[in-house]
Structure formats: C-alpha cells, structure tokens
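Trainee: need a structure here:
(4 chains)
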There are 4 protein chains.
Amino acid sequence: MKIPVAILGATGSVGQYFISLLENHPWFEIKALFASKSYDTYAATWRATLPRPNWLNDATVTNTQVDKIIKSGARIVFSALPGELAGSIESALQSKGIAVFSNASAHRMDGDVPIIIPEINSDHFSLQTGKKGILIANSNCTTAGLVMGLAPLMPLGIKSVRLATYQALSGAGYPGVPSMDILGNVIPHIGGEEEKIETESRKILGNLENGSINPLNADIQASVFRVAVANGHMESIFVELDTTISASDLQSLYKNFEIPEVVSSLPSTPFATFKIFDHPSRPQPIKDCMEGKGMTVSIGSLKARGTSVSMKLLVNNVIRGAAGGSVQNAELALQKGLIKQ
Amino acid sequence: MKIPVAILGATGSVGQYFISLLENHPWFEIKALFASKSYDTYAATWRATLPRPNWLNDATVTNTQVDKIIKSGARIVFSALPGELAGSIESALQSKGIAVFSNASAHRMDGDVPIIIPEINSDHFSLQTGKKGILIANSNCTTAGLVMGLAPLMPLGIKSVRLATYQALSGAGYPGVPSMDILGNVIPHIGGEEEKIETESRKILGNLENGSINPLNADIQASVFRVAVANGHMESIFVELDTTISASDLQSLYKNFEIPEVVSSLPSTPFATFKIFDHPSRPQPIKDCMEGKGMTVSIGSLKARGTSVSMKLLVNNVIRGAAGGSVQNAELALQKGLIKQ
Amino acid sequence: MKIPVAILGATGSVGQYFISLLENHPWFEIKALFASKSYDTYAATWRATLPRPNWLNDATVTNTQVDKIIKSGARIVFSALPGELAGSIESALQSKGIAVFSNASAHRMDGDVPIIIPEINSDHFSLQTGKKGILIANSNCTTAGLVMGLAPLMPLGIKSVRLATYQALSGAGYPGVPSMDILGNVIPHIGGEEEKIETESRKILGNLENGSINPLNADIQASVFRVAVANGHMESIFVELDTTISASDLQSLYKNFEIPEVVSSLPSTPFATFKIFDHPSRPQPIKDCMEGKGMTVSIGSLKARGTSVSMKLLVNNVIRGAAGGSVQNAELALQKGLIKQ
Amino acid sequence: MKIPVAILGATGSVGQYFISLLENHPWFEIKALFASKSYDTYAATWRATLPRPNWLNDATVTNTQVDKIIKSGARIVFSALPGELAGSIESALQSKGIAVFSNASAHRMDGDVPIIIPEINSDHFSLQTGKKGILIANSNCTTAGLVMGLAPLMPLGIKSVRLATYQALSGAGYPGVPSMDILGNVIPHIGGEEEKIETESRKILGNLENGSINPLNADIQASVFRVAVANGHMESIFVELDTTISASDLQSLYKNFEIPEVVSSLPSTPFATFKIFDHPSRPQPIKDCMEGKGMTVSIGSLKARGTSVSMKLLVNNVIRGAAGGSVQNAELALQKGLIKQ
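Mentor: Numbers count the residues shown, from 1 in each chain, chains lettered A, B, ... in the order given. A predicted model of the protein is given here:
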C-alpha cells in the first residue's frame, strides 16, 4: 500500500514537477492537491517539460489551509509554496505529525531544519530527532548543483570557492522573467540568490556537532546571472584546496565518488551521480539537462592546476534542484524510518 | 589633410565596424578596402549595428595582396584578417613602413609586439622603437574588458583572478555560431579563448623592463561561455588582492581612475572610462552595450570583502574589444609621432 | 512658445516612447506625467529603445486623476492608459476642452471618434467637428501597418485581405509575455487582436458619408501570432483586387504614393512613407525597424499575380503603431487648427 | 527477419532522425550508414532531439558511392542527401532494383515519381509500377503540414489557399541559419521554398489520370518566414472553398477524417492523425511538436466563415515532414508488396 501524499503550490512550476514525478511512484500516491488556482481543462497552464497526467482534467485543487491538508489524510506533504506562505503552514503541519518536504526557503536556515542532499549529508536528518512530524528542506536550486560539485573535493580541504552562474528561466517560477528583459540579454541579478548559495552550501557541507551544524569553514562567493535558457543551471566553479591534486586523481575523485548504499537504492537516485564529459563543449542545458532523468549532475572542463580546481557544471534546477530533490529526500526519510504511517 | 588608411578583412564583422568608425573620422580617411568578398548592393551582408555608409554600394573591394595594399597609398592599415592570413601579411606590411593596427591574434604574443590599451599601457609602444613600420596589436575582446576592470586595482597588488564569461555571438564572427546550437542554450567552450585571456592580460598589465615585457605575476584563470546575446561580453570577475580594501575606497578607485592626458584627448576615448552602476540588475548587454559609443566599460555589483573584490563587467566586444580599440590605438600612435606620413 | 502637453500612463512602455519622442519636439513641451507608478533613479524600469532623458531622475509622476490633469495646464493629452481606465478619463478630458490623442482601444470604434493615420484619412477628423475638446484615436499597432500596406491599392478596389502576423513582444506592454512561454516558441494567440485588426482597418479605409464613416466593404481576415522579437511587427499580407495589376505598376503604386502636403511637412512624418526592398530577405525586425526613425513602413517581396497582390511588411509597433502615430496625429490636428491654445 | 536498410546523408540532421526512428523498428534494420563525415565519439555532432544509439560510437560511416551502397546488401535506402548529390545517386540505385525513399527535392517533380503522404494519396504509388526498383519522394517539410491540413477539405472543393509560415531552424539543416541572423528576429525568406510548397501540394492533392498526375486546380500562394524555434513549423492557412460550411461540420471533417486501413496499421502512423485544439493559444512548437511521436498534425483556431476556412497548424518538420514521413512511406510500400526482398 502506497503512502498518501499531498502537494502544496500544486499549480506552480515546481508543483507541476511534483505531480509528474509522483505519478506512478512506487512508494507514494498523490492524495490531494492544494493551491490558490485550479488546473484548466485545456492544459494551457501546464509548463513542466514532463508529461501532464490526464487525470488533472478532473482533479480538485483545494485552497491551501492547514486543516484541509490534515483532513486529506496525507502523511507526507511536498511544499512548493511561495516563501511568505511557507513559513507558518509548514511549521503547523509538522506540529501535527506530518512529514513535510519543502522547496521553500523559509525554514532552510533554521537551526533544527536540515537541508538534505541524500548523496552528501543524510546524517543531518538527526537535527529533527524527537519532533512530532518532520520538516526537511531541500536547497536552493543553484546550491544543489554547487554542493554536488564540491562534495568529492571535501577530503582535500576546501579553502575557497568562486562561483558564477548561468541560471535558467524556470528557476524564477511563473510568470517569472518578462520576455522583454531577457531576450538576447543576460541579467546580472537574482534577488537574494547569492546569499542563499553562500550560506546554504556551507550548512549542507557542514559537520554535525553536538546536535547542531557547524558550517563548512570556507570562503564561498557567488555571482549570479539569469540567461535565456528554459531549464538547467550552468555553473562555473573555481575552488582552492588545501592540497595540490593531479588531473588524473581529480578525475578519479568524481568517477569513484561513493554514496551511501541506502541512497543508491532509492527510486529517485540516478544510476550515475555524475556524468563527466571529456569534450570541452559539454555539458549544455539543451542537450544534457535530462541526464539521469534530471537527477544526474553533469560536469565538464574538470581541471586541476596546483591547488586549484575548476569545472563547468550543469544541474537540472527543477528536478535535482527542486521537486526531484524533495521526492528523493522523502524516499530516504521513509527508508530511515522517519515517516509515521 | 587626413591620413589615408586601408582596411583588411573589410567585409567581415570587425571590418564593417572599422568602416563605420572611420567614416567621418577627424584624422583618418578610408582609402581602400581589402577582402576576399565584395559588398552587395542590397546590404544583405551588412551586420554591424552601426550605420552602413551609402558609398559602399559603389565601393571596390580588392583582393588582399601585400603589393596592392602598398599601392593603395594607405599609411595606416587596420587588419581584421583571420588568424591564418594575418601573420605573414601584417609582417610584410610593417617591413614596408606601414603602421599596422591588428585585431588578429597572430602576433599578439610576439616579444616585440605590444598589445595596447591606451588607458593602461601606452608606454608599451616602445617595444616597436626603431622598426621601419609599426605593428600594434589589440587584445582579444574579452581580455580588453578584463584588463580594464583590473587596471584600477593594480596599485593594491593583484594576487589572483577568477573570470567567468558570458560572450556575445558577434565575438565569433560570421556566420559564427549556428542558431541550432545556441537558441535557449549556453555553450561552455570557445576554442583557445581561455588561454588567450590568461596570457594576454598578464602581458598588458606587465612591466616594461630593459626593452621587454615582464608579465604580471598573478594567477589568472578564465572559464568562458557563449550565450545568446548579439553584442556585449559580460564578465564575472573575482580578484584577490595583496591588501584589504573598503567598499568606499573601492568605489573611489574606479570613479577617480586617471588616464594619461594624451589619451583623454583622442577622438575615440570615451568621456567616461567606466560607468559604475549602483543598481544590481545592471549592466546588461542590451541596455548598456553602447555606453560611450561602445568604448566605456560598464561595471556593476562592485564589492569588497577583506582582500577580495568582485564585479560584473560589460565590454562592447566589437567596439572597445575590437575595431574601436584599434582605431584608438592608431590615434594614440599618431599623437605620439609613431606614424610616418 | 510651445504647447504644454501631458502624458497619461507615462511609466508604461508606450508612455516611455511618448517621453522620448516629445523630448525636444519643435511644437510641444512635456508639462506633466501621470501614472500609477514613479520612475526609479537607476532607470531599471526604462525599457524603450530610445534615449531616456536625464530630467526623469527628478520628475514628478502624478496619480492619474482628471482634475489634476486639467490643473497641469496641458492643452494636449497623450494617453497610453490601459483600456479599462481610458474610457472614462479620456471622455472627461475631452468634455473639458482638452485635445486627447489616445493609444487605448476604448473609444476606437465609437461612431464619432476617428482613427487617424495622417497619410491616409486626415479627412476623418471632421467626425469631431463641433466638440468642446477633441478625442482622436490611433489604431492598434498591427492595423497601422496593414492599412499603410493597403492604402496604395485602394484605387484598384480591395475585395479581400488575408493577414498573418509576427508580432513583437513590446506590443504586449510590460511585463507582458512571460519568457518561459516564448523562448524558442511561437504563440498563435493575442486576445482580441484579430477582431481589432479586422474592424479598425475597415473603418480607417472607409468613406466619410453624411458625417459618419462607411467602412470599407472588403473581407478582411487576420490570423495573429506572437514571436520572440523585441520590436517590429512583421505582416504577411495577401490581397485580392477588383482588377489585375502588373508587377511594375504595383511597384509604381508604392513608389509614387502621394500624401497630403500638410502631412508631408509634419515633424513626425518620415522622409519616405515606404521603403521598398528588392532583396527577398528584407525587411527584418532587427535591421529595419528604425527606418525613418520608426515611422517609415518597410515592404519586401511585393508580388503581383493576376488580381492577387502579396507582400511582407514591417511596421514599428511602438513608434508608427503607437506613440509616434499619436504625436503625428497631434501635429496634424494643430496644423488643421483643431487644437485650442 | 528484418529488411536491411541503408541511410544516405547519415550524419546530417535528417540522417540522425532516420537513425533514431529506425532503431528498434519492427520491420527494418539499419545495415549501413553513408555520408561524407563520421560520427564523433563524444557525440558533439548529434543534434536530433531523439536519443542517440550508443552503437554509433563504433559505427562505420562509408563514403556515399553507388557501388558501396549496393554491396551493403540494403534492400531499402533512405536518402537525406543534399539536392545536388541526390539526383544521380538515387536514380542509379533505383535502376539497380533498390527501393529508394528520399527527402531530397531532386526528383519530386519528376512525372513518374510520386510524392507520397500515406494518409492522403497512397494510390500515387502506381506511378512507379513496372520499374526495376522504386523511387518515392516525400514532400518538403512545410508542404507535408499544408496538405494534411487541406486533405479533409477536399470533398468541399478547394478554390484557393493562402499560407504564411513560421519555420523552425532545423528545417535549414546544419549549420543552417547563423545565430546572429535570427536571434530576436524573423527572416522573411527561404530560398525556393514558396515555389516548392505551391507545386508539391498541388501534385500531392492531384488526381491520377491515365498513369499521370493531374495537379489540383487551386490557386495556392505561400509566404514563408524563418523564426527562432528549434523544431516544428507553424502554418497560418486560409482556404476558400467552393461551398459554405458550418463551424460544427468543419470540426467533424477533421475529427472524422478517415485514412486507409492499411495505413492505420503501419508502425509509424500515429494513433491520431490530427490533434484539434479548442484553446486558442495552442498548438505551440515547444509544447505540441512531439504529439504522436512527431507524426500527429496539430491544429488550432479552426474557423469557418461562409466559404472561408482558416486554421493554425503545427507540423513536426523533422519527423512528419522528413524522416518519419519517409519511414512511413517505406512501411506502406512494403505492405503493398512494392519492395523486393
């Protein structure tokens, strides 16, 4: 018997990806949709690049109220709520015993809320030990790519990181970026994004000490840009390590990167954590964004020079960096026995 | 009486900008055009965003041969030749007493050929002292923006630079990037570009010692990307300095940056060397590319943190970074008495 | 002494073009700006491709109320109001003796409000004879191009017209079309546009009979599409005439098209009404949109086959099809003595 | 046992779609690839949006010579050759007993070569009766969409057609349209396209009389434009019929359009010949291009007014309009016993 789940913000961009990814999920079953709008019959408002289930034509979309969500019988709630709403609703649901997996930024930097990337920091779940429900954040979409790119380098000691981004339009939700602003252009600004990347990545890569997280002690600076790409954030990453590394050892770090066995067996975990390209013209958003059903992180131009490492990385911002990451978090929480049925 | 000039590669993208910029120039007069193609009457092949002079309808475009160029009577030659041709033709012209100003990369790293940016290193002209003609390079288009962004920081000591680029389509010439490759995409590769940026910028910012250039001793790493923008290269620049700097001192360095008086008075030198934006969403290629007729360098998000400085810079790659830079170099050479009339 | 004018909707897209076009106008002077927003200092909200006057940094933008507009002392009001507001405000202003030139669609199909294109139907002004103020509409942006393309064919009798459009993003105002909807796409729908084109063009090309307009008796069908172009509507026009015409006679009709002398001498009337291209790859939005400062209509692929005529036409939707058309209408009204000073 | 097939022009855009569509085909098996280039290991040159089979890494691509093609043992040859090569090679192959299915335009207007669209004119195969091999053309990509849109109207008598197109970049092959020409632009010209559409569509919709084709006697005029879309040609179609039709009868014509039973059962024939949209904002290239695996033709804004019918149609130019159409033709020829094994 599958676990009943609800989706908040179900008609927005991330909400649509939740629906697609949870359709035919082996462990979860969509029980209820919550949003301020409804789905139209002619699918004019479907914008996800994954298929739209036909049952949406007759689906009821309920107004987002805590008591209605509780009454729906969902044991797991996936939240794609806008920041201003997410804060109180997610907390209320958790206090009622629900397992909440959130894409919102509202609680990410709370001391007792972990930002989980299963391949990297599944031990951070323990921040939520003893709570009535659980509240698990996933990171900002750009952060998800960055920390995946940095994780294999952690054993060498990361001193500093410089990141420049090429972020897709879908990262801004809908309607998002006006076309007149971005056609043939690059916009060097996304409100609040640089700070999120810098603080979240240090938290995710931090150590759990005495029940709280000690953020990674590294100098991380991000410089973000919006580009005219539909899906897939590119990231130009420069790292300074504590030690030198050779080109071949660097390749090995990524090709042999190990993830916990329990993570490997999750339905949403891709066959390959990384796809490493030798050809310098790859990865590219339109060609590589759906690698591993959007969960594999693609890396090209991986270079070592002394203590410096650089790479060009592509992360699917709507799947790995949003809905897919949340679903994978829920799968891991279930396997770890953290979800009450 | 104006000095007669010739343009090589006159029908290509940079060649077209040479024509526009030299039309009605106070000191120079176009005497002859050289290229392998001709201009069509209907202007279907005019791609520069500056106006196309009507006299091109009847202009003769001559095949690029050294003796024909000499016979044209031009005292100055602007070269927009492709790399493989530029090497021998430019050298041959110089040896005949011509003043050659080149956009080609062929001779840039020659020990006796300076890469001149008038605002920065006009003393490097002395590398050409005693030659029959002169051969002056201007830098790669991305390099031009980078060194302008770095120049005000030189007094503080530049230890390292990390650069990620957002390069316009016009940088690839014509036909250049196929539309199927770049529509809705970002391409993380431009052949040879990263190496050019790293070596050229260290040369331009280097010191003249005993008649040769001692390149800047800084660790410069570039990571280049092509984006779907017509004109204007954006650059995300991270710098490590030898000393700390405050935010207000940093602003002052750019606002008070001084250039040699002889350079200020050149026709192609813009009124403002830099345009510094406070609003974080600027500069943008489509809005700011033509600042100072394409010669002003625009900078936004200028930030200081300890010994770190970062900025988002926009350079007009076809004007400041190509044809406009060459014309400005010729103006300076003339003022310095380096052009034989 | 210049005539004081006010702009309504002054911060929107069309409003910005009004400001640029009226800056340094020989006859008019901007006295007041009205809108629901204000201009920001950093010009982040300036989206017109024409220059932004520096005085906007200190400009007062007043809330749009009839009494405040009257108090401003403006004798002419240019309205770029959204449809829902325009109806009542424009009527109220007219009843107070103001000369209103409107881009809004609210009154276009009113029996006593002419839609004026000076080159075509300046006699329609008489619909407003005897009013206290005057209220003059200009057409929908696409209609402006269509009727200009049809006008030279009128003497031959127009039986039917089939029109397919390629409409620029700026036609939707700001924020307008979300980038996720249009990047790499074509949208076959613009709400209400097809009906506007069909009814307005028949009105503009209609005859004045006994004080009202008898619309052109022709079967006009439009099929509209939005494309990823910043400015400039392309139109594919097929016409059936009452008589046959030869290719050379067709060319002559456009090259010799005569406009009233009073119209020729208006400041906003372009030197050439039409630019006719022989090369089949022209006109194109990015190359030809600013022909005649945006007031010339560009036509290519002009073909005659029996009683059929076809052409590919480009109209600048924000200048000729909006703000520029209104300014030209005001100039003509002034010359005709219709504006009380 | 599957029939061995060869692909000519196997590395070009259409050739790549042939490979994808024939991978795991129930009746055909790729035996040999011919082209002037080879496939690179890193797949940098794969541009089809369908998956690239891994065996291409080790595939041999042979130079296109008639004797080598014969020796390959292929009984069917799919040709994606450029026009200039296609003429002689395809004829030579046919004369050797091969069944040739061609995307090239070289032989389309030959009197004895049919242009087949299985849903419309499978009887035209008889033009090839008695030949040693067979040579079957499929139409120009835009034509394929147009005739599908017209076919249901044939019983009502088609008097005239006016067509304006919005053609995707992939229709130009690779490298095709330079990005500088099309970014933010529309190009009103594709060489030779309008004539192809007009003559081919009349041939396909023509009647077979005494062993030759009597083209449809209708006045068809096309006006073509290139837009910045990756895949999927939009078409704005206006038709004049001999008789009037009601809106509901018009809908019925498309919803009840019947195709021959033998065609219905072909592997490449889509479940739905047409997808009819009620919502006016559809179809759109990025949303609807892959309907029916690229073989269904999507139609929106289907309108009747008196004797006039209009619609907005989308055809997948690389599948239905190219490789997919050819494969479907081969399937039909096989079922009709026209291919020698």
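Trainee: What count of nearby residues applies to the residue nearest to A:A272 when sequence neighbours are not counted?
Mentor: Distances taken as CB to CB, 6 or more residues apart in numbering or on different chains put A:T296 closest to A:A272, at 5.3 Å, once the chain neighbours are dropped. Bear in mind the C-beta positions are built from the backbone N, C-alpha and C, glycine included. Neighbour count of A:T296, defined by other CB atoms under 10 Å in any protein chain shown: 25.
Trainee: and A:T296, what does it touch?
Mentor: A:P270, A:F271, A:A272, A:T273, A:F274, A:K275, A:R320 (CB atoms under 8 Å, 6 or more residues apart in numbering or on different chains).
Trainee: A:R75 too?
Mentor: Counted by CB under 8 Å, 6+ apart, A:R75 has contacts A:I3, A:P4, A:V5, A:I98, A:A99, A:I339, A:K340, A:Q341.
Trainee: hmm, try it at 6 Å
Mentor: A:R75 makes contacts with A:I3, A:P4, as judged by CB atoms under 6 Å, 6 or more residues apart in numbering or on different chains.
Trainee: Same check on A:G157?
Mentor: Contacts of A:G157 (CB under 6 Å, 6+ apart): A:L241, A:D242.
Trainee: ok, now how distant is it from A:L205?
Mentor: Distance of A:G157 to A:L205, given as CB to CB, to the nearest Å: 12 Å.
Trainee: and which of the contacts of A:T296 is nearest to A:K31?
Mentor: In terms of CB to CB, no member of the contacts of A:T296 lies closer to A:K31 than A:R320, at 25.1 Å.
Trainee: tell me, how many neighbours does the closest one end up with?
Mentor: Per other CB under 10 Å, the neighbour tally for A:R320 reads 30.
Trainee: That one and chain C, how far apart?
Mentor: From A:R320 across to chain C, the span is 19 Å (CB to the nearest CB, to the nearest Å).
Trainee: same deal with A:K303?
Mentor: Counting by CB to the nearest CB, the gap from A:K303 to chain C is 31 Å.
Trainee: where exactly do the strands run in the stretch 1-150 of chain A?
Mentor: Here the stretch 1-150 of chain A has its strands, by DSSP state E, counting those that start in this stretch, at A:3-8, A:28-34, A:61-62, A:76-79, A:99-102, A:134-137.
Trainee: Enumerate the residues of chain A near chain B.
Mentor: Counting by CB under 6 Å from any CB of the partner chain, the positions of chain A adjacent to chain B are A:162, A:164, A:166, A:184-186, A:188-189, A:223, A:227-230, A:234, A:236, A:238, A:280-281, A:284-286, A:312.
Trainee: Could you rerun that using 7 Å?
Mentor: Counting by CB under 7 Å from any CB of the partner chain, chain A comes close to chain B at A:162, A:164, A:166, A:184-189, A:221, A:223, A:225, A:227-230, A:234, A:236, A:238, A:280-281, A:284-286, A:300-301, A:308, A:310, A:312.
Trainee: Restricted to helices, list these.
Mentor: The members of the residues of chain A next to chain B that map onto helices under DSSP state H are A:P285, A:I286.
Trainee: just the residues of chain A next to chain B that are near chain C?
Mentor: A:A228, A:A230.
Trainee: buried sites along stretch A:195-207?
Mentor: Residues of stretch A:195-207 classed as buried: A:K196, A:I197, A:E198, A:T199, A:E200, A:S201, A:R202, A:K203, A:I204, A:L205, A:G206 (neighbour count, 16 or more other CB atoms under 10 Å in any protein chain shown).
Trainee: Can you give the distance of it from its chain's centre?
Mentor: Relative to its chain's centre, stretch A:195-207 lies at 13 Å (CA atoms, centre = their mean, to the nearest Å).
Trainee: need the contact list for the residue located most distally from the centre of chain A.
Mentor: Most distant from the centre of chain A: A:G306, at 31.6 Å, with distances by CA atoms, centre = their mean. A:G306 is in contact with A:T244, counting by CB atoms under 7 Å, 6 or more residues apart in numbering or on different chains.
Trainee: re earlier: for the strands of the stretch 1-150 of chain A, which one sits closest to C:T64?
Mentor: strand A:61-62 (36.7 Å).
Trainee: Which strands or helices does the closest one pack on?
Mentor: Applying 3 or more CB pairs under 7 Å, 6 or more residues apart in numbering or on different chains; DSSP states H and E, one finds that strand A:61-62 makes contact with strand A:28-34.
Trainee: Tell me how far the strand it packs on lies from the chain's centre.
Mentor: 20 Å.
Trainee: Give the pairing partners of that strand; include direction for each.
Mentor: Strand A:28-34 has the following sheet partners, assigned by DSSP bridges: strand A:3-8 (parallel), strand A:61-62 (parallel).
Trainee: Counting neighbours, which bits of that strand end up buried?
Mentor: A:F28, A:E29, A:I30, A:K31, A:A32, A:L33, A:F34.
Trainee: Tell me who's in contact with the nearest residue to A:L338 once chain neighbours are set aside.
Mentor: Nearest residue to A:L338, sequence neighbours excluded (CB to CB, 6+ apart): A:I134, at 5.6 Å. A:I134 sits next to A:Q94, A:A99, A:V100, A:Q128, A:A333, A:L338 when contact means CB under 7 Å, 6+ apart.
Trainee: Most neighbours out of the residues you listed, which is it?
Mentor: Of the contacts of A:I134, with other CB under 10 Å as the count, A:V100 tops at 29 neighbours.
Trainee: Run through the bridge partners of that one.
Mentor: A:V77, A:L135.
Trainee: Starting from A:E90, give me the distance back to it.
Mentor: 5 Å.
Trainee: Quick check: neighbours shared by the two?
Mentor: What both A:V100 and A:E90 touch, as defined by CB under 7 Å, 6+ apart, is the set A:S79, A:L135.
Trainee: And the helices in chain A, which stretches?
Mentor: Under DSSP H, chain A gives helices at A:13-22, A:66-71, A:83-95, A:118-121, A:141-150, A:179-182, A:193-204, A:247-255, A:261-264, A:285-288, A:324-335.
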